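Peer 1: okay, predicted coordinates and the sequence, questions at the end:
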Amino acid sequence: MGNSLSHLIIGAGAAGMAAATAIREGDPDAAVRMLSEEDVRPYFRPMIPFIISGKKTPSQVSLAGVGPYADAGIDIRINTRAVKTDPAEKTVTTSNGEVLVYDRLLVATGSSPYIPPDIGGTDMEGVYALRTLAQAQHAAERASWAKSAVMLGGGLLNLKAAFALLEKKIAVTLVVKSPEILSQLMEPRDAAMIRTALMESGLRIITGRGASKIVGGNRGVCAVFLDDGTELAGDMVFIGKGVRPNTAFLSSTGLDVKKGVPVNVHTETAIPGIFAAGDTAVTFDPVTGESIVTGLWTNAVEMGRCAGKNMAGIKSAYTGTFGVMNATQVAGLPFVSMGIVHPDKNACEVHTASSSDSYLKLVFSQEGDRLLGLVMIGRIEKAGLYRYIIRERRDISPLKDKIIRQRLHAGDLAFGRH
Amino acid sequence: MNQVKEIFIIQDRCMGCHTCELSCAVVHSRSGNLYEAMAEHPRPVPRIYVEALSSGKPVPLVCRHCADAPCMHACIAGAIRKTPEQTIVTDPDKCIGCWTCVMVCPYGMVGRHPEEQKAYRCDRCPAIGEPACVSSCPTRALVYRSVDDYSKNRRQTAARELSSGEGG
Amino acid sequence: MTDVSTTKRSLDPAVNAMLDLAKEKQIDTVWDRYDAMLPQCGFGDTGLCCRHCLQGPCRIDPLGNGPKTGICGATADVMVARGLDRAIAAGTAAHSGHARHLAHTLLKMAEGKANDYRITDEAKLKSVAIRMGIAVDGRAAMDVAADLARAALADFHEKDTPVMWAATVVTKKRVALLSRLGLVPKGIDHEVSEIMHRTLYGVDADPVNLLLAGLRCGVADLAGCYMGTDLADILFGTPKPVQSAANLGTLKKDWVNIALHGHNPVLSDLLVTTAMKRQDLAKTKGAQGFNLVGICCTGNEVMSRHGIPACTHSVSQETAILTGAVDMMVVDYQCIMPSIATVAQCTGTPVLTTMDICKISGTDHMAFTEEQALAHAEEILKRAADRFEKRKGKSVTIPAVKTPVMAGFSTEAIVGALLKVDARDPLKPVVDNIKAGNIRGICLYAGCNNVKVQQDKNFVAMAKKMLKENVLILATGCGAGALMRHGFMDPAKVDELCGDGLKAVLTAIGQANGLNGPLPPVLHMGSCVDNSRAVALAVAVADYLGVDTDALPVVASAAEAVSEKAVSIGAYAVAAGLPTHVGVMLPVLGGPLVASVLTDKVKDLTGGYFIVDLDPESAADKLIAAIDQRRKGLGL
């Protein structure tokens, strides 16, 4: 097809690669170029804790050509950052000084870790805000001799990193400013079972305290002082305080990108031909209807695919994502958290059930006819089915009993009237 | 594409005997026979599920192998791919047990092996021609056909059933 | 043009030829129905399906993913033990039902109500009566027979004494052991009934207790079998060695072929003796005469006593009809596949059911009574002759496959043959040869042909291996049928099949009996109730040696078992202390404790145990190993 377009994708993470793959599927002849500021080919970013533990090698987390991801016919330029975008000329200037012309542009630059400015010493050797494969490789090196580590922040990334370090026989202390771990994903009471499992696995947890200062010597960091004066030995420190979208290079475009790049339902920005997806884009939560930015891999992939389809000329709408939507397993305990998990008790109906090896929290609408969110711990079977009914805002009244008993299955939706 | 065979469910024929589950687990066991499978570790598990509808009627449910499979795209380890036969397969060696696929499958058809800590799903038994669940069903409630091959009437029924789910 | 798939169905070429014909005529047989049934339900296969109450059906997942107990809370072990108990009870009910039929016949005869029957073996009547404590001296045989029949009927219910046909037929040591274990049955029906009670919803939920009850019912089954043999011998004669033949080639185109199928000699024996006298009925219709042939154990009964040839057995019963040469199939009860009615409709063969408990839709029924026995027998012969007249001249397909058979080795016949070797001490030659190793041990083959196994494959492979290892082989039921159709009961085959030691023994006994040759490689002991004869022989040898039956180098095998009767026989073989092989899967594997009790722990109680092995080669090895272990125990 002679009239194929030229696609430029800034960022070769989940959103960028998903978009590139979708473009490839939709338009086999289109030129697809990608820019990555990292010095390696695209990789599965969520896998980097396995680089620290040594369970995976860098080549084992490589992304292009693996799973659904396209490889052939995609021009990926590593070590290349976009420094300026000119929508009028449809050009992007790279850090190498090259000016690239595009028909369709995707901004998929991802996000950067948030480093709290009030903590001293965060730039010290051995302090990580884990984001890249290079950092993980560096951390793996340090973990080969480190005896202790301090994790600042009780989110999933830090938990995964903490378990990678525990596997290396490193004493790990998790410091959480909130009253409980995983505070973004659940309420304190929901997290009790996970906390017990984490502690039984050897993780030391301090809640309600923050770090004030990171100190070190000639081998880099060696300790962290907490805001109550406690000193924790730490040959490694990990900061897991969330991420912020990377939008600086778009300042010249005129887009308002302070909180991320706003897009419409087709993931297109206010400037026609420029799309955005992933951590850097503003999406919306179909449950709350609110605009959100997320650091979720699933959002990045789904949004990136949507962007890629639209860029290839296949009209596609993005149905949004929950602000909270995570699944993982730590300390042998699988869990899923999605949708509204910090409910306003007066505006929602909440059911909880627990057994020795499982916990379930279901958040329903005030009328009780819509499922809004859930936390499943231990038993996470069919979680995707619940995600579906949350996202579609289905009237679940006839199935509510089955939902509460965690017995819902796809047959109830497909054959329900039989 | 249309010659790709799928497992179709004829719900009103299902008697709820769970034979499909058992034969599925056995065909995916190491030994391939029930007597030995009973003693195997990790425990052989089924990839098809006979569930009860609210009416009490049974229904077998199995992975639809969605054309644009959400599980495949969501996998953070690149462990899920589509074969040339349009089957969605999970590579157990690559699976890290993060359960993202479980979280996104709108049919709830991805299993979580309790001992192996790996995700598993229907693979349509590529080695034996017809899936074991289909050949073991005593009432032919499961059929393995291409969409084209399936009767128009059945196609409409199947489409109606499928359209009430996602993916596809 | 032999179809590969049909040759795999049977080892018997006659059967495969008929299956090719069936395929050509598009007539379904048991093998087709089996194919249609595959794969079979794994829950039933492992015994983990329960329908004992109306809250069910329940099934426990044998792989452990689904429910681990039934709705009532019954565990996998409880479920399989209950199922096994009910199978034993069913088998016991069948064998003893057969015996009860004979007891009623004996009583009717003794009371002058069934004048077509007579006491054929008065010596056996006396010896059995003496064993039962019934006075015989100076009494009329008919009076003794009446008392014996009443004693037999009394054994079915609870009374002051235990089941006499159990308590008097095993070694004294075994009686003491069984008493200690609580395994002496109180009444045959009582045990069957009690099994039904304890396996009811909410009764016995202790797998070991359930299994012990199953063993006790198994001992009641031995009583039923033993009684059946005793009474049949009294009424129809105790078998003596007799020449006969086996396989479909025994059907004769120009004769009125009547196939006798089922188990009981009450009607079939009379049919045989009447046919011999009334050949005229056949000849007037243009036939050469009546040619009666047997199928299954009715066939074994009439072969043992009259040399009536066996047409086919067990799983291949439909092939007899497929020949088109059978003018009437007369059936009594047990192991009669309802499908014969359908196959018979395709070929136009009349099938006549004769017993009120066994009617089959699509067949004719004649309500046979002992009181009118001869009249009924003549009526059957006439009807068959009429059918021949219609068939005459039409083409039939009779495979030219026929093997010579020497049958009729009752315990009395074996002892009789041994008396010719040592008139004062008949068991001495056997025991001496066991000691010398010429007879390494004794194996009893029993049971059926199972469609899951290539017909006869297990019997033939195991018998071949064990004969070469000088194991003396006894056979009953359709196990005997399988071996006879493959030449194992042809004395001419001794050289080819037997090890040197065994060959010498069989030849010596044969010579001493003026046979001008050896006894056949495998000794045919009769029908499936006649497994009692093997017990009698084992008990005689054990008593001679002063040991219990569990010390003997005697083993048993139901290599291709089908019927629940095979399960109950297996139970009494284990209760008698024998290592007992089953060549198909018993539906107990789902209960790990039950499986381990049956195959191992029960050894500590009775000395016997089950060997479940589907591979005939390794099963034979295991039985030989068990024989050697017992030889060692005896210091041999």
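Peer 2: On my side now, so go ahead. Residues are numbered from 1 along each chain as shown, chains lettered A, B, ... in the order given.
Peer 1: how near is residue C:535 to residue C:57?
Peer 2: 38 Å (C-beta to C-beta, to the nearest Å). Where you see a C-beta, it was placed from the backbone N, CA and C, and this is true even at glycine.
Peer 1: more neighbours, the two?
Peer 2: Neighbours were counted for residue C:535 and for residue C:57 using other C-beta atoms under 10 Å in any protein chain shown; residue C:535 has more, 26 against 15.
Peer 1: list the contacts for that one?
Peer 2: Applying C-beta atoms under 8 Å, 6 or more residues apart in numbering or on different chains, we find residue C:535 in contact with C:169, C:170, C:222, C:226, C:549, C:572, C:576.
Peer 1: for chain B, what is the nearest residue in chain C?
Peer 2: residue C:42 (4.0 Å; C-beta to the nearest C-beta).
Peer 1: what's around the residue of the stretch 301-418 of chain A found nearest chain B, how many residues?
Peer 2: Using C-beta to the nearest C-beta, the single residue of the stretch 301-418 of chain A nearest to chain B is residue A:382, 2.9 Å away. Residues within reach of residue A:382, counting by other C-beta under 10 Å, total 27.
Peer 1: circling back: restricted to strands, list the contacts of residue C:535.
Peer 2: Using DSSP state E, no member of these falls within strands.
Peer 1: among these, which ones are in helices?
Peer 2: Among the contacts of residue C:535, the members falling in helices (DSSP state H) are C:222, C:226, C:572.
Peer 1: once you drop chain neighbours, what's closest to the second one?
Peer 2: Closest residue in space to residue C:226, ignoring its immediate chain neighbours: residue C:532 at 3.9 Å, by C-beta to C-beta, 6 or more residues apart in numbering or on different chains.
Peer 1: how many residues are close by residue A:75?
Peer 2: Neighbours of residue A:75 using other C-beta under 10 Å come to 13.
Peer 1: touching, residue B:97 and residue B:117? I think so.
Peer 2: Yes. Under the criterion of C-beta atoms under 8 Å, residue B:97 makes contact with residue B:117 at 4.1 Å.
Peer 1: now do the shared contacts for these two.
Peer 2: residue A:329.
Peer 1: quick one: contacts for the residue in chain B positioned nearest to chain C?
Peer 2: Proximity of chain B to chain C (C-beta to the nearest C-beta) peaks at residue B:22, 4.0 Å away. By C-beta under 8 Å, 6+ apart, the contact list for residue B:22 reads B:34, B:46, B:136, C:41, C:42, C:43, C:61, C:62, C:63.
Peer 1: what is the neighbour count of the second one?
Peer 2: Looking back up the chat, that one is residue B:46. Neighbours of residue B:46 (other C-beta under 10 Å): 26.
Peer 1: phi, psi for the residue nearest to it when sequence neighbours are not counted please.
Peer 2: Closest residue to residue B:46 apart from its sequence neighbours, by C-beta to C-beta, 6+ apart: residue B:21 at 3.8 Å. Dihedral pair for residue B:21: phi -60, psi -50, per degrees, to the nearest 10.
Peer 1: wait, residue B:21 sits on residue B:45?
Peer 2: No. Using C-beta under 8 Å, residue B:21 makes no contact with residue B:45, being 9.0 Å away.
Peer 1: show me where the stretch 201-350 of chain A has strands.
Peer 2: Secondary structure of the stretch 201-350 of chain A by DSSP state E, counting those that start in this stretch: the strands cover A:204-207, A:211-217, A:220-226, A:231-233, A:236-239, A:243-245, A:261-262, A:274-276, A:281-284, A:291-292, A:325-330, A:333-339, A:348-355.
Peer 1: sorry, wrong one. I was asking about the stretch 51-200 of chain C.
Peer 2: C:58-59.
Peer 1: cool, chain B as well?
Peer 2: Using DSSP E, strands in chain B cover B:5-9, B:48-52, B:58-62, B:80-82, B:88-90, B:111-112, B:119-120, B:142-146.
Peer 1: any residue of the last one touching chain C?
Peer 2: No. Contact check for strand B:142-146 against chain C, using C-beta under 8 Å from any C-beta of the partner chain: none in range, with a minimum separation of 13.1 Å.
Peer 1: C-alpha coordinates for that strand, PDB please?
Peer 2: Below are the C-alpha coordinates for strand B:142-146, written out as PDB (Å, rounded to 0.1, in the frame of the first residue of the first chain):
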ATOM      1  CA  LEU B 142     -18.800 -30.100  23.400                       C
ATOM      2  CA  VAL B 143     -18.000 -30.000  19.700                       C
ATOM      3  CA  TYR B 144     -14.800 -29.200  18.000                       C
ATOM      4  CA  ARG B 145     -15.500 -27.500  14.700                       C
ATOM      5  CA  SER B 146     -14.500 -24.500  12.600                       C
END
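Peer 1: which parts of that strand are buried?
Peer 2: Neighbour counts over strand B:142-146 (16 or more other C-beta atoms under 10 Å in any protein chain shown) mark B:142, B:143, B:144 as buried.
Peer 1: so how far is residue C:426 from the residue lying closest to the second one once chain neighbours are set aside?
Peer 2: Yep, that's residue B:143 we're talking about. Nearest non-adjacent residue to residue B:143, counting by C-beta to C-beta, 6+ apart: residue B:8, 4.9 Å away. From residue B:8 across to residue C:426, the span is 72 Å (C-beta to C-beta).
Peer 1: so which of those two has more stuff around it?
Peer 2: Taking neighbours as other C-beta under 10 Å, residue B:8 and residue C:426 compare with residue B:8 leading, 21 against 18.
Peer 1: wait, that one sits on residue B:145?
Peer 2: Yes. Assessed by C-beta under 8 Å, residue B:8 is found in contact with residue B:145 at 6.3 Å.
Peer 1: closest point of chain B to chain A, which residue?
Peer 2: For chain B, C-beta to the nearest C-beta, closest residue to chain A: residue B:108, 2.9 Å.
Peer 1: my read: that residue touches residue A:381, true?
Peer 2: Yes. Between residue B:108 and residue A:381 there is a contact under C-beta under 8 Å: 6.8 Å.
Peer 1: neighbour-wise, which of those two wins?
Peer 2: Shown here are residue B:108 and residue A:381; by other C-beta under 10 Å, residue B:108 has more neighbours (25 against 18).
Peer 1: nearest residue to that one other than its sequence neighbours?
Peer 2: Nearest one to residue B:108, counting by C-beta to C-beta, 6+ apart, is residue A:382 at 2.9 Å.
Peer 1: try residue A:195
Peer 2: Spatially, and ignoring its direct neighbours in sequence, residue A:195 is nearest to residue A:181 (5.9 Å; C-beta to C-beta, 6+ apart).
Peer 1: swap in residue C:354?
Peer 2: residue C:368 (4.1 Å).
Peer 1: OK, contacts around that neighbour?
Peer 2: C:267, C:354, C:355, C:376.
Peer 1: name the member of those with the most neighbours.
Peer 2: Counting by other C-beta under 10 Å, top hit in those: residue C:267 with 26 neighbours.
Peer 1: gap between that residue and residue C:107?
Peer 2: For residue C:267 relative to residue C:107 (C-beta to C-beta), the value is 17 Å.
Peer 1: could you do residue C:270 as well?
Peer 2: Residue C:270 is 17 Å from residue C:107, by C-beta to C-beta.
Peer 1: how about residue A:279?
Peer 2: The gap separating residue A:279 from residue C:107 is 95 Å, by C-beta to C-beta.
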